[in-house]
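Participant: next one to model:
(2 chains)
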2 protein chains.
Amino acid sequence: MKVHNIMEVVVRDVISKYQNELHLPCTCEHCLNDVLAMTLNNVKPQYVVDEANSAYIRAVHEADRQGATAVLTKVAWAAGVVGQNPRCDNMKNPSE
Amino acid sequence: MKVHNIMEVVVRDVISKYQNELHLPCTCEHCLNDVLAMTLNNVKPQYVVDEANSAYIRAVHEADRQGATAVLTKVAWAAGVVGQNPRCDNMKNPSE
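Facilitator: Below you'll find the model as predicted:
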């Protein structure tokens, strides 16, 4: 059984696009994954069986300005939390 | 960037375990995927970065009886909807 949460793609794209504007103290893979996971836990999942139909879901969260802003707001919030509480090794030992 | 929704594993396990009790008219891959996707769209996502920590999330939805019942309720509801509206080719042309 294999299904896809289209919000994973949508949120990943938003993080990549606005990475510089999010002012993360660390942009390593681990920190970006933390932002991605926190955001996805706070947006409604949009699972589909067939990825070919994903365009209908993506449109609501990308082409529609209100939908896109809603996702960006969640991403910015998650980036704030992760920025203040980084879990990666770079930030744990900043003096090294 | 790669993250994992632990609920995917939890719901997939529940569907496999209770497949006979769900009384689905068709148990093909497509219909089971439909049940999985519908259920996942109606339970809170539980994304983690590191799958090694998934045990803490799984315990709430598997070991805890109330959590396990909540997931099973959602699966049973989704199975009812999919059973009444099958989308797979087997059910579209039952006479063939």
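
Participant: contacts and neighbour counts: CA atoms only from here.
Facilitator: Will do.

Participant: tell me which other helices or strands the longest helix along chain A touches.
Facilitator: Looking only at chain A and at elements set by DSSP state H, the helix with the highest residue count is helix A:65-84. In terms of contacts (3 or more C-alpha pairs under 8 Å, 6 or more residues apart in numbering or on different chains; DSSP states H and E), helix A:65-84 is packed against helix A:6-17, helix A:29-40, helix A:54-62.

Participant: to residue A:89, which of those lies closest?
Facilitator: Checking these against residue A:89 by C-alpha to C-alpha gives helix A:29-40 as the closest, at 9.0 Å.

Participant: who touches whichever helix or strand comes after the closest one?
Facilitator: Downstream of helix A:29-40, the first helix or strand assigned by DSSP states H and E is strand A:47-48. Residues from elsewhere that reach strand A:47-48, judged by C-alpha atoms under 8 Å, 6 or more residues apart in numbering or on different chains: A:3-6, A:54, B:37-38, B:40-41.

Participant: tell me the most packed of those, by neighbour count.
Facilitator: Within the contacts of strand A:47-48, residue B:40 tops the neighbour count with 28 neighbours, counted by other C-alpha atoms under 10 Å in any protein chain shown.

Participant: looks like that residue contacts residue A:44 (just checking).
Facilitator: No: taking C-alpha atoms under 8 Å as the definition, residue B:40 is not a contact partner of residue A:44, at 9.9 Å.

Participant: closest one of the contacts of strand A:47-48 to residue A:18?
Facilitator: The closest of the contacts of strand A:47-48 to residue A:18 turns out to be residue A:6 (C-alpha to C-alpha; 18.8 Å).

Participant: and the helices and strands packed on helix A:65-84, which is most packed in?
Facilitator: Neighbour counts (mean count of other C-alpha atoms under 10 Å in any protein chain shown) averaged over each of the helices and strands packed on helix A:65-84 peak at helix A:29-40, with a mean of 23.

Participant: enumerate the residues of chain A near chain B.
Facilitator: A:1-3, A:12, A:29-30, A:32-34, A:36-38, A:40-42, A:44-49 (C-alpha under 8 Å from any C-alpha of the partner chain).
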